[in-house]
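Colleague: structure for the following, please:
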Amino acid sequence: MGKIALTAGALYVIVLLRAGGTFAVGWLAGAGARRSRFAGRISSAKFVRAERAIQRWGAPVVAVSFLTVGFQTAANFLAGSMRMPLPRYLPALFVGGAAWALVYATVGIGALEVLGRLFAEQTALGVSAVAALLLAVCGVVVYRMRKAAASAPDPVAEKS
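Modeller: You can find the predicted model right below:
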């Protein structure tokens, strides 16, 4: 249990700094970001979805965003850029960050221990598992890139 507590504590500090920093950058950027060269990124579907959710639900969205991948950064940045008051943001940061740290500490340590045992007892199976995981990740990346390319407007067709 000590290993999990230490890992969760370290991850908690990391997430507070990272998410709090993202919020601070959003706070400082504010409306100016929408008029800058980053306007395209901020108006992406992920950011628009996060902004709508934050406008509707506020702090609970920030807290729950820590249990997602990708949405978390957008939610914290937009909470800052929308100038969510600190008394509403900080509890969401503390609760969501604690949940994130506990999930990653327990699942992360468990996965590392399983992989360590697998490599120690059956090296060939361990290498195969890691190779399969890498192939799955590469497959997802290629799939998403192809899907994005297929949905992107054709610049040649637009000129005609």
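Colleague: residues touching Val15, list them.
Modeller: Counting by CB atoms under 8 Å, 6 or more residues apart in numbering, Val15 touches 66, 97, 100-101. Backbone N, C-alpha and C define where each C-beta goes, glycine included.
Colleague: in the helix or strand harbouring it, which residues are buried?
Modeller: Under the criterion of DSSP states H and E, Val15 resides in helix 2-29. Neighbour-count burial for helix 2-29 flags 7-8, 11-12, 15-16, 19-20, 22-23, 26-27, 29 (criterion: 16 or more other CB atoms under 10 Å).
Colleague: please name the residues that touch the nearest residue to Leu11 once chain neighbours are set aside.
Modeller: Closest residue to Leu11 apart from its sequence neighbours, by CB to CB, 6 or more residues apart in numbering: Ala101 at 3.9 Å. Applying CB under 8 Å, 6+ apart, one finds that Ala101 lies in contact with 8-9, 11-12, 14-15.
Colleague: cutoff 6 Å now
Modeller: Residues near Ala101 by CB atoms under 6 Å, 6 or more residues apart in numbering: 8, 11-12, 15.
Colleague: which residues of the chain fall in helices?
Modeller: All helices of the chain, identified by DSSP state H, fall at 2-29, 39-42, 45-57, 59-65, 71-81, 86-121, 123-151, 155-159.
Colleague: please pull out the lowest mean pLDDT helix or strand from this structure.
Modeller: Between all helices and strands in the chain, the lowest mean by mean pLDDT, DSSP states H and E belongs to helix 155-159, at a mean of 58.
Colleague: and the helix holding Val15, how far out from the chain middle?
Modeller: Helix 2-29 sits 12 Å away from the centroid of its parent chain (CA atoms, centre = their mean, to the nearest Å).
Colleague: now the angle from it to helix 86-121?
Modeller: Here helix 2-29 points in a direction 140 degrees away from that of helix 86-121 (axes from the mean of the first three to the mean of the last three CA atoms, to 10 degrees).
Colleague: hmm, back to that, between the contacts of Val15, which is nearest Met82?
Modeller: Of all the contacts of Val15, Met82 sits closest to Phe66, with 17.9 Å by CB to CB.
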